[in-house]
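Peer 1: Sequence first, then the predicted structure, then my questions.
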Amino acid sequence: MNVNAIRSDGIYAKIMKAPFDKKDDIYRYEMMMPFEKKLACYSIPLKATTPNGYDVIMASGMLGHIMPTKVDETQRDNIERISSDSLWLDCKQSIQRSLECFSKAGVELPVQEYLFTILLANAESPYTIMNEGYCGDGGIPGYIMAWLIPNDYTIEHLPVALAHETNHNVRFQFIKWKNDITLGEMMVSEGLAENFATYLYGEDKAGPWVKKTDTKMLNEYIKPIIYDGLDVQGLENLNAYLYGDEMAALQNYPPVGLPYCAGYACGYYFVKHFLKKTGKSIIEATLLPAKEILDAAEDFWND
């Protein structure tokens, strides 16, 4: 397996020095073009066909990446923080280690080439703020991204986030994505990814999407609402269940009465319950259909 990086630090340094009207195109063609196949899966064109139309620049802003036109001298320190060779090596090794967990267990991965990068996050984005400065995306096999506001905390957690995203990357090589995915299926997928990350790095490195939910809140408030919504379909309807009402409101999606990342936290503890009950490893569980996991751990909802 080959894991290669698109070194964003050099590209950001180039954007920083570029004239204002050249910044978008450097980002578009040097940073994002290598991920064009990934973007196509989300129907994101590199460049809009109409003025101010939807393209990778607009999509990046919506995801909480810093916009290329904002990459100026004010970002010099952030660019330097992601310019360390050891940081990029740590990230590459996290992805390699994650993939090797499966290959060493005898799992033959259909995808053998992997591309990743680290992007700067927009410090003013509500998503960045709520996620304590870092986030990631690994849903399209072969492509992995993370974005962050570089500081000691986020850099320490970056390899953990990449392990989480690599688990998604592996799972969706075996479990076909579908647009009518249910809340139950999404919850299992996120629970598997975070259990995998803590399996490699320890529970103390769990993301804020887990740590911000205590046991009392989970059992008395979150679980009943999630259980009633397990069959809900459509990403616009799942948003509030997975991310909480506050994030849903930012995208004009309907609320369901849940706090920050309730679905992520519930998924984490649900999968943990499944692993303990069945004795299966997180490696085995990653490749299982969500229905098998949901059925086997049905008693979780009665705890």
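Peer 2: Okay, I see it. Source: prediction; values computed, not measured. Residues are numbered from 1 along each chain as shown.

Peer 1: When you work out contacts or count neighbours from here on, use the C-alpha atoms and nothing else.
Peer 2: Noted.

Peer 1: What sits closest to N122 if chain neighbours are left out?
Peer 2: Of all residues not flanking N122 in the chain, I66 sits nearest, at 4.2 Å (Cα to Cα, 6 or more residues apart in numbering).

Peer 1: wait, that neighbour sits on L120?
Peer 2: Yes: if you go by Cα atoms under 8 Å, I66 and L120 touch, sitting 5.8 Å apart.

Peer 1: What residues of stretch 64-79 count as buried?
Peer 2: Buried positions in stretch 64-79, judged by neighbour count with 16 or more other Cα atoms under 10 Å: G64, H65, I66, M67, P68, T69, V71, D72, Q75, N78, I79.

Peer 1: Select from the residues you listed every entry located in helices.
Peer 2: When DSSP state H defines the helices, the subset of the buried residues of stretch 64-79 inside them is N78, I79.

Peer 1: what's the burial count for the closest residue in space to A5 that isn't next to it in sequence?
Peer 2: The shortest distance from A5 to any non-neighbouring residue, by Cα to Cα, 6+ apart, is to F116 (5.0 Å). When neighbours are defined as other Cα atoms under 10 Å, F116 has 25 of them.

Peer 1: what's near enough to touch F116?
Peer 2: Going by Cα atoms under 8 Å, 6 or more residues apart in numbering, F116 touches V3, N4, A5, I6, Y143, I144, M145.

Peer 1: got those residues as a markdown table, with neighbour count and secondary structure columns?
Peer 2: Formatted as a markdown table, the contacts of F116 follow (neighbours: other Cα atoms under 10 Å; DSSP: H, G, I helix; E, B strand; the rest coil):
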| residue | neighbour count | secondary structure |
| --- | --- | --- |
| V3 | 16 | strand |
| N4 | 14 | strand |
| A5 | 16 | strand |
| I6 | 19 | coil |
| Y143 | 23 | strand |
| I144 | 25 | strand |
| M145 | 21 | strand |
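
Peer 1: how close does the residue nearest to N122 sit to S60?
Peer 2: As judged by Cα to Cα, to the nearest Å, I66 and S60 stand 7 Å apart.

Peer 1: what's the answer for N169, then?
Peer 2: 20 Å.

Peer 1: These two: which has the busier surroundings?
Peer 2: Under the neighbour definition other Cα under 10 Å, N169 and S60 were set side by side, and N169 has more, 23 against 18.

Peer 1: Where does the closest residue to that one other than its chain neighbours sit: helix, strand or coil?
Peer 2: Closest residue to N169 apart from its sequence neighbours, by Cα to Cα, 6+ apart: P141 at 4.7 Å. Assigned with DSSP: H, G, I helix; E, B strand; the rest coil, P141 falls in the coil class.

Peer 1: How about the contacts made by P141?
Peer 2: P141 is in contact with V111, Y114, N169, V170, F172, Q173, counting by Cα under 8 Å, 6+ apart.
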